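K.L.:
please work out how this folds:
(chains A, B and C)
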Amino acid sequence: MAVVFEKPKALTDAVLHYCPGCPHGIIHRLVAEAIDELGIQGKTIGVAPVGCAVMAYDYFACDMIEAAHGRAPAVATGIKRCRPDNIVFTYQGDGDLASIGMAETVHSAARNENITIIFVNNAIYGMTGGQMAPTSLPGQVTQTSPYGRDVKHCGWPIKVCEMLSTLEGPEYIARVAVNNVKNVKNAKKAIKKAFENQIQGKGFSLVEVVSACPTNWGMTPQKALEWVESDMLPYYPIGVYKDRSAAKEAE
Amino acid sequence: MAQRVLMKGNEAIAEAAIRAGCRHYFGYPITPQTEIAAYMAKKMPKIGGVFLQAESEIASINMVYGAAATGCRVMTSSSSPGISLKTEGLSYIAGSDIPAFVVNVQRGGPGLGGIQPSQSDYFQATKGGGHGDYRMIVLAPASVQEMASLTIKGFNLADKYLMTAMILADGTIGQMMEPISFEDAEIEHYEKPWALTGTEGKRPHNVVNSLYLQPDKLEIKNFERYERYKIVEENEPMWEEYMMEDAEYCVVAFGIASRVAKNAVVAARAEGIKVGLIRPITLWPFPTKALRKAADQVKSFISVELNMGQMIEDIRLATECRKPVTLCNRAGGMIPSPDQVLQSIRDAAKGE
Amino acid sequence: MAKVTFNTDLCKGCGLCVNACPKGILAIDANQINKKGYSPAVMTDQEKCIGCAFCATMCPDCIITVEK
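P.N.:
Model prediction:
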């Protein structure tokens, strides 16, 4: 018998601190698998965010840095501009990337910074206990939108992929989900491609991973994944929003 | 004799940084320091370096954080309101114990303030600015030559002590032109085993981080950091003494204020008042020993500042309030005239 | 012939593997409590396992090894 599935080497032995059923663990694994398969662990430098994934620096076995809230793309820019031959990725949540760090996100995309961004969208601030995120759905109940997100009062959730794909700069913008086996496998392909693009010098690649927060959504892990399908994905459709190289080839 | 070139203060900083081995500059435009960015934008692409205009001061200091974490010599520059934005990154850099080099060519504040020279960021620079317990090495040039030599010194000190070195200049020295020499500059090199370079499969992963959720570990980090700061306070204070041998009164001033004060000291001496000047060159570490020694000798101190009186607190602390300290100041972008300082010296001599 | 091994001590009992299994042969064992204080996932019928690794694909804690 041969091993067909085991923990990737790009993950350390540290025990993940995430809540039971939190898909962060799945997404960490997908990133680590991509790093393993591309054989780049020795030259990868990761940037951890502020939020639930703040301790990602303990989980990835490559060199890591912990950024201030939202600043991961700027930190990654500084690293990449000093060490262009290293592979630099950020791992960020929705509050980090789409609220406090929106300027850094947009401008690193506009510069086509040759980095890889893994953007985990679970429509809530998890670490601080379940407040409204820039991606919380209309009507979604959170600690700071206890009567449901009122779009007249606090605006509409931001569709990051759609917005970034209007820019000339970025190479690759895709949205995936991790709510079932098929989607997880497709998410893996997109994440791997986002790293390959960087290796090939193609530039800014962002993969938005639509995820779940069972704890702060107040659902069982399985129910949360079902809610991703029924409520999240209609507002945040899966797909490739921009792929400059593929578009060029098609011409 | 060393070759001398005529340069603007801001450009002298930029050229000195390049000579110190800095090949990465991240910044955001703000008056009155723009010549630094302009110089870097011209030079860096020609010497294999990187000049990048960031989307904000916040982004630029975080680019510095990332770049510094790779072990590169890197810098940013700004002016007062921009430095306020950068304090987030300065706190993270301090908490991660990595070296960085930052320039503040001060302008009047608070708020948007003005664009004329000021020294009103003394507190911000020497007492922290950002959150948490930390220090920066703060260097206060009083000439274009010092803009250059303290820049090189700043890069060396930052690497040596794993902390941020800040040039605290002002619009006047930034815009002033004087002949300077780079030839005595000594570039020091330090090993950086902590740097993010990729493990290459040869070592455990390096982590650059300021988060310690266990309070006992965070406490240890803080105590260790302050042990290092103690060494800086012991070894690195720099100051200039002028006509202090027989002085009965002591003017204390840094940067552009010290140049005005020097003229006033000469004028007061001509009137027979025995006055001298102590010019702190490092604002942190503050030249406490020099001030303490002077307190045994002089009858009183006069603090000359381009602010509402900030360094005066450190003078009182350093001298343990053993002698009176008066303030001679202008604010908002105004500079005291030599006559104003002279009058303050006369008042001190009269015991007023 | 396939074999699924759980690092049971690290299981958080979230049950995502149980739902992902196409053969319905995984379960949360309510009679067991692991070191972390959770009732872990267990294999109920190894013979029927086809080694598809769906369980491992959905496991957030990387505690499943699949051999085939």
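
K.L.:
enumerate the residues of chain B near chain A.
P.N.:
B:24, B:26, B:50, B:52, B:54-56, B:58-60, B:62-70, B:72, B:74, B:88-89, B:92, B:96, B:196-202, B:205-211 (CB under 8 Å from any CB of the partner chain). All C-beta spots, glycine's among them, are computed from the backbone N, C-alpha and C.

K.L.:
so which of those are in helices?
P.N.:
Using DSSP state H, B:58-60, B:62-69, B:88-89, B:92, B:96 are the members of the residues of chain B next to chain A that sit in helices.

K.L.:
so B:G21 touches B:F155, yeah?
P.N.:
Yes. In this structure B:G21 lies within contact range of B:F155 using CB atoms under 8 Å: 7.0 Å.

K.L.:
and the strands in the chain?
P.N.:
Going with chain A. Applying DSSP state E to chain A gives strands spanning A:3-5, A:44-48, A:63-66, A:87-93, A:116-121, A:124-125, A:131-132, A:172-177, A:205-210, A:239-243.

K.L.:
the chain in question should be chain C.
P.N.:
C:3-6, C:26-28, C:41-43, C:64-67.

K.L.:
output the below-cut-off pLDDT ranges for chain B.
P.N.:
For chain B, the stretches flagged by pLDDT under 70 are B:1, B:352.

K.L.:
give me that answer again for 80
P.N.:
Scanning chain B for pLDDT under 80 picks out the ranges B:1-2, B:128, B:184, B:352.

K.L.:
check it for the residue nearest chain C and tell me.
P.N.:
Per CB to the nearest CB, B:H205 is where chain B lies closest to chain C, at 17.5 Å.

K.L.:
neighbours of that residue, just the number please.
P.N.:
As a burial measure, B:H205 scores 21 neighbours (other CB atoms under 10 Å in any protein chain shown).

K.L.:
on that earlier part again, turn the strands of chain C into a markdown table, columns for distance to B:E35.
P.N.:
Below are those laid out as a markdown table (distance: least, CB to CB, whole Å):
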| stretch | distance to B:E35 |
| --- | --- |
| strand C:3-6 | 64 |
| strand C:26-28 | 67 |
| strand C:41-43 | 65 |
| strand C:64-67 | 60 |
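
K.L.:
with mean neighbour count added, can I get those strands in a markdown table?
P.N.:
Below are these laid out as a markdown table (neighbours: other CB atoms under 10 Å in any protein chain shown):
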| stretch | mean neighbour count |
| --- | --- |
| strand C:3-6 | 18 |
| strand C:26-28 | 19 |
| strand C:41-43 | 21 |
| strand C:64-67 | 20 |
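
K.L.:
and those: which comes nearest chain A?
P.N.:
Going by CB to the nearest CB, the one of the strands of chain C nearest chain A is strand C:64-67, 3.9 Å.

K.L.:
which strands or helices does that closest one pack on?
P.N.:
strand A:3-5, strand C:3-6, helix C:54-58 (3 or more CB pairs under 8 Å, 6 or more residues apart in numbering or on different chains; DSSP states H and E).

K.L.:
looking at these, which is closest to chain B?
P.N.:
With CB to the nearest CB as the measure, strand A:3-5 is the member of the helices and strands packed on strand C:64-67 nearest chain B (21.1 Å).

K.L.:
for that closest one, packing partners?
P.N.:
strand C:64-67.

K.L.:
quick one: the strands of chain C as CSV, columns for distance to A:I199 and mean pLDDT too.
P.N.:
Listed next are the strands of chain C as CSV, based on distance: least, CB to CB, whole Å; pLDDT from 0 to 100:
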stretch, distance to A:I199, mean pLDDT
strand C:3-6, 33, 95
strand C:26-28, 37, 97
strand C:41-43, 36, 97
strand C:64-67, 28, 96
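
K.L.:
and the stretch 151-251 of chain A, which residues reach chain C?
P.N.:
A:180-181, A:184-185, A:214, A:220-222, A:225.

K.L.:
show me the two of those residues that sit farthest apart.
P.N.:
A:K185 and A:T220 (23.1 Å; CB to CB).

K.L.:
quick check: the residue lying closest to B:K299 once chain neighbours are set aside vs chain A, distance?
P.N.:
Closest residue to B:K299 apart from its sequence neighbours, by CB to CB, 6 or more residues apart in numbering or on different chains: B:E248 at 5.3 Å. Applying CB to the nearest CB, to the nearest Å, the value for B:E248 to chain A is 51 Å.

K.L.:
contact partners of stretch B:262-269?
P.N.:
The contact list for stretch B:262-269 (CB atoms under 8 Å, 6 or more residues apart in numbering or on different chains) reads B:242-243, B:251, B:275-277, B:338-339, B:341-342, B:344-346, B:349.

K.L.:
need the pLDDT of the residue in the stretch 51-200 of chain A that chain B sits nearest to.
P.N.:
At 2.8 Å from chain B, A:G78 is the closest residue in the stretch 51-200 of chain A, using CB to the nearest CB. According to the prediction, A:G78 has pLDDT 98.

K.L.:
report how many residues lie close to it.
P.N.:
33.

K.L.:
contacting residues for it?
P.N.:
A:G78 touches B:24, B:26, B:62-70, B:74, counting by CB under 8 Å, 6+ apart.

K.L.:
excluding chain neighbours, what is closest to it?
P.N.:
Going by CB to CB, 6+ apart, A:G78 has B:G66 as its nearest residue, at 2.8 Å.

K.L.:
quick one: the one you found and A:E66 touch, right?
P.N.:
No. B:G66 is beyond contact range of A:E66, at 11.0 Å (criterion: CB under 8 Å).

K.L.:
among the two, which residue is more densely surrounded?
P.N.:
Legend: neighbour count by other CB under 10 Å for B:G66 and A:E66, higher for B:G66 (33 against 26).
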